[in-house]
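In: Dropping the sequence and predicted coords here.
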Amino acid sequence: MEIVFTVLILLIAVAASGVVARISPFNLPLPLFQIGLGAMLAMPLFGLKISFDPELFLLLFIPPLLFTDGWRIPKREFFRLARPILALALGLVFYTILGVGYLIHWMIPVISLPAAFALAAVISPTDAVAVSAIVGKGKLPSNLQHLLEGEALMNDASGLVAFKFAIIAVMSGTFSLLNASASFAIISIGGIIVGIVVALTLGLIRRKVIDWSGDEPGIQVVLTLLTPFAAYIFAEHFGLSGILASVSAGMVMPYIETASAESAATRIQRDGMLTMIEFVFNGMSFILLGLQLPGIVALAHIDAQTAGNVPVWHLFAYIAVITLALIVSRFFWVWVNLSLRSFANLLLSGQWKRHPGQDIRLLTITALSGVRGAITLAGVMSIPLLLPDGAPFPGRDLLIFLATGVILYSLLGASFFLPWLMKGLRLEGMNARRQREITKIRQHVSQAAIHSIETTQQKMAVGLDEKDLVLLNEVSASLLSTYRMRMDAESDTEETYRAANRFKYFERELRLAVLSSERAEIHRLHALRQIDDEMFQEFMTQIDLAETWQKGSLSNTSTHTV
């Protein structure tokens with residue numbers, strides 16, 4: 001019963017953190033509020049304590065988070081930016097592991113080199129969600145946002161796989177770079193293959209279930225939820241990377257979807273589930289970090305002795321140095337890569353092509369955007385408690401303390417400096433390509449709708465009497481007018497553009513007002529017991545879906561013109 005109450009308290013804390021973050025006068029990212037709330041729950045007044053099973057923690061938190069990220073990342077942008085993403089997700093990770101690992105070992109000699117490499121590996125993954133929470137969605141240049149998302153997805157995998165190798169080296173006491181490199185390739189490629197196979201298999205099962213018993217949203221959502229755990233467990237069973245299996249399973253899901261067979265209700269429930277998983281698991285990770293924080297801080301004196309009998313404030317200085325080293329390394333790596341690309345252009349074309357990212361401010365924004373988050377926390381909490389001989393893992397508490405400090409320092413640093421650096425940053429040119437694509441897509445969709453209405457009208461008109469024919473023409477004329485107005489909303493002519501968007505705005509506001517009135521009336525009838533609960537829920541679902549569509553499809557292009 002105790003574990004049930006603990007889970008319920010954590011879920012309440014996740015929900016409460018979202019409310020506190022919204023109403024707080026301080027513009028801080030949500031993870032900081034969650035860490036603070038967790039620390040408050042660990043105080044003597046509440047006394048909430050949770051002991052971790054590292055392997056269970058890794059299994060519960062890593063697969064769904066990476067699977068969700070892999071599913072939702074824009075695939076076209078990911079492959080278009082594959083080279084810079086790999087440069088950050090592979091090159092920068094290994095550069096960070098070597099450079100920061102040696103720095104940690106040099107600063108704190110009692111941390112062995114393999115353990116220092118393990119710490120450097122686990123603080124390599126970045127958190128693009130935390131960056132979006134800090135600067136706001138859509139505030140970063142679109143290319144930079146996609147780059148950060150792709151990097152966060154891939155360096156989660158590369159950093160945690162490297163972390164696993166470093167932990168094995170600490171546990172065994174031996175390490176061979178050649179053997180580790182070969183094993184890394186086999187384990188990584190094998191994990192990717194397992195993830196794809198599991199996703200394909202479960203996709204086939206889902207389609208067969210639809211063929212056999214129809215599209216039941218609950219069954220489809222459960223099978224989808226099982227996919228990341230199945231991929232992770234199968235890969236780990238064969239000694240391969242469960243982390244990469246979860247990532248690859250998520251990335252291939254959109255390509256093996258049963259979209260042609262499943263209903264809109266299934267897709268809506270599934271998307272809601274993914275959003276819920278991302279919010280709850282990220283939130284619980286940071287709240288669990290907060291719960292551990294008082295104990296970790298209380299162990300600072302012991303850690304200071306472990307670190308060589310240094311004053312406690314030295315530990316915080318070490319964290320500051322490590323965080324600064326991560327930022328400087330990131331800045332230098334990005335600058336060198338962009339400079340090399342410009343140099344390659346000079347050799348090939350005879351012209352020095354300056355890349356937009358070589359602007360010092362954008363480079364600094366990119367460097368500070370390397371915020372550490374839930375994956376780092378999940379990884380460091382998975383450090384084994386004991387060595388194979390039964391002895392305590394050397395410096396485990398110190399490693400967790402340093403990693404926790406890096407998460408906090410990177411969040412605080414980004415919170416203070418990123419909004420300041422973003423002031424006055426002009427995004428029109430940077431996001432123009434995306435806007436042109438959106439306009440083109442909307443025009444194509446409207447043209448297809450108009451063609452479909454005209455074709456269907458001609459087919460339906462056959463054999464109709466005069467009254468029905470008049471009614472059909474009225475309905476089709478109304479629909480055609482709406483879609484032609486939407487096409488005009490993407491017109492290059494300013495007057496046509498403004499009039500069409502005003503039309504869309506008025507249409508949107510009137511439809512939302514109608515839906516609000518419908519919802520109020522349904523509530524009134526339900527309160528008077530004139531409709532039963534089943535009918536009430538059915539009507540409310542229809543109204544909610546209509547309102548969601550109105551807000552999602554119309555507001556983006558109408559409110560900004562008013």
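Out: Cool, got the structure. Numbers count the residues shown, from 1 in each chain.

In: Residue 420 versus residue 227, what's the distance?
Out: Taking CB to CB, to the nearest Å as the measure, residue 227 and residue 420 are separated by 41 Å. No exception for glycine: its C-beta is placed from N, CA and C like everyone else's.

In: Have a look at those two and say which one is more surrounded.
Out: Set residue 227 next to residue 420 and count neighbours by other CB atoms under 10 Å: residue 227 wins out with 24 against 7.

In: Identify the residues contacting the residue nearest to the more buried one when sequence neighbours are not counted.
Out: Leaving aside its chain neighbours, residue 227 sits nearest to residue 202 (5.2 Å; criterion: CB to CB, 6 or more residues apart in numbering). Counting by CB atoms under 8 Å, 6 or more residues apart in numbering, residue 202 makes contact with 223, 224, 226, 227, 230.

In: helix or strand right after the helix or strand hosting residue 482?
Out: Element membership for residue 482 (DSSP states H and E) is helix 466-488. Later in the chain than helix 466-488, the nearest helix or strand by DSSP H and E is helix 494-527.

In: rewinding a little: give me the helices and strands touching the helix holding residue 482, please.
Out: Here helix 466-488 touches helix 432-461, helix 494-527, going by 3 or more CB pairs under 8 Å, 6 or more residues apart in numbering; DSSP states H and E.

In: Can I get the ones you listed in CSV including distance to residue 106, mean neighbour count and mean pLDDT?
Out: Supplementary listing: those in CSV, determined by distance: least, CB to CB, whole Å; neighbours: other CB atoms under 10 Å; pLDDT from 0 to 100:
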stretch, distance to residue 106, mean neighbour count, mean pLDDT
helix 432-461, 45, 13, 77
helix 494-527, 60, 15, 77
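
In: Secondary structure class of residue 61, three-state.
Out: Secondary structure, DSSP: H, G, I helix; E, B strand; the rest coil: residue 61 is helix.

In: Next, residue 392: phi, psi?
Out: phi -60, psi 150 (degrees, to the nearest 10).

In: for residue 27, same thing?
Out: phi -90, psi 70.

In: coming back round to it: how close does the residue nearest to residue 227 sit to residue 248?
Out: 13 Å.

In: Could you tell me how many residues sit around residue 94?
Out: Residues lying near residue 94 (other CB under 10 Å) number 15.

In: Would you mind confirming that it makes contact with residue 162?
Out: Yes. Counting by CB atoms under 8 Å, residue 162 is a contact partner of residue 94 at 7.2 Å.

In: tell me the secondary structure for residue 240?
Out: coil.

In: Neighbours of it, how many?
Out: Residues lying near residue 240 (other CB under 10 Å) number 21.

In: Over to residue 423?
Out: Residue 423 is flanked by 6 other residues according to other CB under 10 Å.

In: Distance from the helix or strand the residue nearest to residue 227 falls within to the middle of the chain?
Out: Per DSSP H and E: residue 202 is located in helix 177-213. Put simply, helix 177-213 sits 21 Å off its chain's centre (CA atoms, centre = their mean, to the nearest Å).

In: buried set for it?
Out: 180, 184, 187-188, 190-192, 194-199, 202-203, 206-207, 209-210 (16 or more other CB atoms under 10 Å).

In: on contacts alone, who are the packing partners of whichever helix or strand comes after it?
Out: Following helix 177-213 in sequence order, the next helix or strand is helix 217-237 (DSSP H and E). For helix 217-237, the helices and strands in contact under the criterion 3+ CB pairs under 8 Å, 6+ apart are helix 54-72, helix 177-213, helix 242-252, helix 264-298.

In: what packs against the shortest one?
Out: For helix 242-252, the contact count by 3+ CB pairs under 8 Å, 6+ apart identifies helix 54-72, helix 142-172, helix 177-213, helix 217-237 as packing neighbours.

In: neighbouring contacts of it?
Out: Helix 242-252 has contacts (CB under 8 Å, 6+ apart) with 62-64, 66-73, 75, 153-154, 156-157, 160-161, 188, 191-196, 198-200, 227-228, 231-236.

In: redo that, cut-off 6 Å
Out: With CB atoms under 6 Å, 6 or more residues apart in numbering as the test, helix 242-252 has contacts from 63, 66-67, 70-71, 157, 160, 188, 191-192, 194-196, 198-199, 227-228, 231-232, 235-236.

In: Just the mean pLDDT for it, thanks.
Out: Mean pLDDT, computed over helix 242-252, is 89.

In: Helix 264-298 and that one, what's the angle between them?
Out: Inter-element angle recorded for helix 242-252 and helix 264-298: 150 degrees (by axes from the mean of the first three to the mean of the last three CA atoms, to 10 degrees).

In: distance between helix 242-252 and the chain's centre?
Out: On CA atoms, centre = their mean, the centre of helix 242-252 falls 14 Å from the chain's centre.

In: list the helices and strands the helix or strand that residue 335 is a member of packs on?
Out: Element membership of residue 335 [criterion: DSSP H and E] is helix 312-349. On a contact count with 3 or more CB pairs under 6 Å, 6 or more residues apart in numbering; DSSP states H and E, helix 312-349 meets helix 93-107, helix 300-306, helix 360-368, helix 396-422.

In: cutoff 10 Å now
Out: When contacts are defined as 3 or more CB pairs under 10 Å, 6 or more residues apart in numbering; DSSP states H and E, helix 312-349 packs onto helix 82-86, helix 93-107, helix 113-122, helix 300-306, helix 360-368, helix 396-422.
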